[in-house]
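Student: Below is the sequence, then the predicted model.
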Amino acid sequence: MNGELVRLTKTLGAVAGALLLVGLSTGVAVAQDEETMTFTASGSGEEEIPAGSGQAGATVAGTFTLSADDTLTYTVSIEGNDEPVTAGHIHQGAAGVNGDVVVMLDAAAITAGSEATAEVPAEVADALRADPSGFYLNTHSASFAPPTGVARAQLSADGATAPSSVPTGTGGQAADGVDTTALAGLGVAAAVAAGAVVLVRRRRAS
């Protein structure tokens, strides 16, 4: 009888350990996914600085996904421009301010409205994640060369904001920076381990 109880306890303990590892590894994956961010931009020639320096009636829109390895995947489209796009950039600068070019974009991809990629310097990527509204998209043609442009659009973060509170199983709120997915894995493992204890006690009682 004692040997059977030992085997049962070891089996349930192994299951609990495996579930614990799954929970922790899932938490790591979620943390990595959180480093990927999506931005959008939508603007016009009227947003160029100084006012009146862009092309009237021209509009520009873009979607940008910044991955964990600082690769920027983007699609930018422009309409209402009289001349071919000769250059496109992401500049660092708040709304109403001209700033330096920090990311070069593919002019041919912008003209075609097709997807392209660009490598972003690490310090720029960190700043983008922290404050996308501090950057803007600008497009240029022969008559609208830097620092002005055909059409300009400020970047903004896209997607829903994470909830401020999450269920933790105790009716409370998870602490800042705590990976609740990993906590969920720990909870399952703890439940299995508790079940092992109950089963052992029942077998001994019988």
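Tutor: Perfect, I can see it now.

Student: any chance you could map the strands in this structure?
Tutor: 37-44, 59-66, 71-79, 87-92, 100-105, 115-119, 135-140, 151-157 (DSSP state E).

Student: so for the fifth one, what's the average pLDDT?
Tutor: Just to be clear, that refers to strand 100-105. Per-region confidence: strand 100-105 scores 97 on mean pLDDT.

Student: buried set for that strand?
Tutor: V102, V103, L105 (16 or more other C-beta atoms under 10 Å). Any C-beta I mention is one placed from the backbone N, CA and C, and that applies to glycine too.

Student: Which single one of those is nearest to N81?
Tutor: Closest to N81 out of those is L105 (15.0 Å), distances taken as C-beta to C-beta.

Student: low-confidence ranges in the chain?
Tutor: Scanning the chain for pLDDT under 70 picks out 1-34, 158-206.

Student: so what's I110 up against?
Tutor: Contacts for I110 were tallied using C-beta atoms under 8 Å, 6 or more residues apart in numbering; they are V76, S77, I78, V85, G88, T139.

Student: could you redo the last one with a cut-off of 7 Å?
Tutor: By C-beta atoms under 7 Å, 6 or more residues apart in numbering, I110 lies in contact with V76, I78, V85, G88, T139.

Student: Which member of the residues you listed is positioned nearest E48?
Tutor: T139 (9.9 Å).

Student: among the contacts of I110, which ones are buried?
Tutor: By 16+ other C-beta under 10 Å, these give V76, I78, V85, G88, T139 as buried.

Student: The first one and G52, how far apart?
Tutor: Meaning V76. 23 Å (C-beta to C-beta, to the nearest Å).

Student: Including distance to A157, could the buried residues of strand 100-105 go into CSV?
Tutor: Below are those laid out as CSV (distance: C-beta to C-beta, whole Å):
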residue, distance to A157
V102, 17
V103, 17
L105, 19
